[in-house]
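# just coords:
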């Protein structure tokens, strides 16, 4: 009787080992994939923050670094800026040099990240210049791509939010 009991236990252990290992491996792979997705999403969120923060702080080096070579911007009046220089130079040579204080507080309202290679964020933002009584409300759509492990802004669309 004991021999049959031990044989049954041994058989159950073999079956459990055969079934349990692939299930545990699959669970481990799923957990690793989820951690990678979360890490990717955090890096994307940091890049969106970097773009907006570098603009607000007029930090030319940081701003230049976050902009993709092939960036396209659709401005609030429909104007198009295509390419790195067309996007960066007016900002660092004009906007960053204005003689008054401004800020652009923002809130991310929606984000999508695909395969850790591209993503977009929709922002609710305000361009504020207290000394000139300016408080413009915008919806900003930022599209970023990840190349060589680095997120960069490749498209920026600014839309006026009308009262």
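Yes, it's here. Here the structure is a predicted model, which is why all the values come from computation and not from measurement. Numbering: from 1, shown residues only.
# Could you measure from the residue nearest to residue 60 when sequence neighbours are not counted over to residue 50?
Nearest non-adjacent residue to residue 60, counting by Cβ to Cβ, 6 or more residues apart in numbering: residue 92, 4.8 Å away. (C-beta placed from N, C-alpha, C; glycine too.) Residue 92 sits 15 Å away from residue 50 when distances are taken as Cβ to Cβ, to the nearest Å.
# Now the helix or strand where residue 127 lies: average pLDDT?
Assigned by DSSP states H and E, residue 127 belongs to strand 118-129. The average pLDDT for strand 118-129 rounds to 98.
# which of the residues in that strand are buried?
In terms of neighbour count (16 or more other Cβ atoms under 10 Å), strand 118-129 has its buried residues at 118, 119, 120, 121, 123, 125, 127, 128.
# Can you name the element that comes right after it?
Taking DSSP H and E, what comes next after strand 118-129 is strand 134-147.
# Report the buried residues of that following strand.
138, 140, 141, 142, 143, 144, 145, 146.
# Show me which pair in these is furthest apart.
Farthest pair in the buried residues of strand 134-147 (Cβ to Cβ) is 138 and 146. Separation: 25.0 Å.
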